[in-house]
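*Asks:* Got a predicted structure plus its sequence, pasted below:
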Amino acid sequence: MSNSNNFKRSFQIDIVFVLQVIISVALILFCVSSALVSSKTISRVLALNSDPAQGKRIAASCVHCHNNNTGDNIRLTTLTGLSKKSIVIDLVEFRDGKRSNRVMADVALALSDEDIAAVAGYLATAQTD
């Protein structure tokens with residue numbers, strides 16, 4: 001009887017271990033595939049030709065929060081002068097849910113890849129106020 005109980009107990013432990021390994025591998029694969037999707041999106045957006053006029057129109061709404069001269073005590077990142085790549089990465093990550101900020105996620109969700117390329121291109125070349 002004790003050999004049978006030991007076998008059942010050993011089998012149960014092995015099943016739990018196998019399930020833990022399967023779940024761990026699934027999580028790793030999810031994270032890797034998610035990172036690859038964002039990387040492909042970022043590369044695609046960076047390759048797009050940006051429309052400076054469209055970028056300027058979109059950026060006009062950004063300065064409400066990101067202007068250096070707001071007079072508020074809130075210190076948000078100044079966007080002018082950042083690299084196009086940096087801005088694209090940030091906006092794609094907000095849009096894809098990889099970065100967490102409710103306001104920026106809502107803003108980024110409304111932007112197409114072309115919009116992101118345009119605003120990033122404009123802000124990267126705009127003069128700092």
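*Replies:* In hand now; what should we look at?
*Asks:* and residue 127, what does it touch?
*Replies:* residue 80 (CB atoms under 8 Å, 6 or more residues apart in numbering). C-betas here are computed from N, CA, C, even on glycine.
*Asks:* ok, now with 10 Å
*Replies:* With contact taken as CB atoms under 10 Å, 6 or more residues apart in numbering, residue 127 is in contact with 80-81.
*Asks:* how close does it get to residue 80?
*Replies:* Between residue 127 and residue 80 the distance is 7 Å, computed by CB to CB, to the nearest Å.
*Asks:* Equivalent analysis for residue 111, please.
*Replies:* When CB to CB is the yardstick, residue 111 and residue 80 sit 18 Å from each other.
*Asks:* so which strand or helix has the residue positioned nearest the centre of the chain?
*Replies:* Using CA atoms, centre = their mean, the residue of the chain that lies closest to the mean C-alpha position is residue 93, 1.3 Å off. Per DSSP states H and E, residue 93 falls inside helix 84-95.
*Asks:* likewise residue 18?
*Replies:* Per DSSP H and E: helix 2-47 holds residue 18.
*Asks:* Would you mind writing the CA trace of the helix or strand that that helix is followed by as CSV?
*Replies:* Tracing the chain C-terminally past helix 2-47 and defining elements by DSSP H and E, one meets helix 52-66 next. Written as CSV, here are the backbone C-alpha positions of helix 52-66 (Å, rounded to 0.1, in the frame of the first residue of the first chain):
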residue,chain,number,x,y,z
PRO,A,52,5.7,67.8,-41.8
ALA,A,53,2.4,69.7,-42.1
GLN,A,54,0.5,66.7,-40.6
GLY,A,55,3.1,66.3,-37.9
LYS,A,56,2.8,70.0,-37.0
ARG,A,57,-1.0,69.7,-36.7
ILE,A,58,-0.8,66.7,-34.4
ALA,A,59,2.0,68.2,-32.3
ALA,A,60,-0.2,71.3,-31.7
SER,A,61,-2.2,69.2,-29.3
CYS,A,62,0.9,67.8,-27.6
VAL,A,63,2.1,71.1,-26.3
HIS,A,64,-0.9,71.5,-24.0
CYS,A,65,0.8,69.1,-21.6
HIS,A,66,4.4,69.0,-22.9
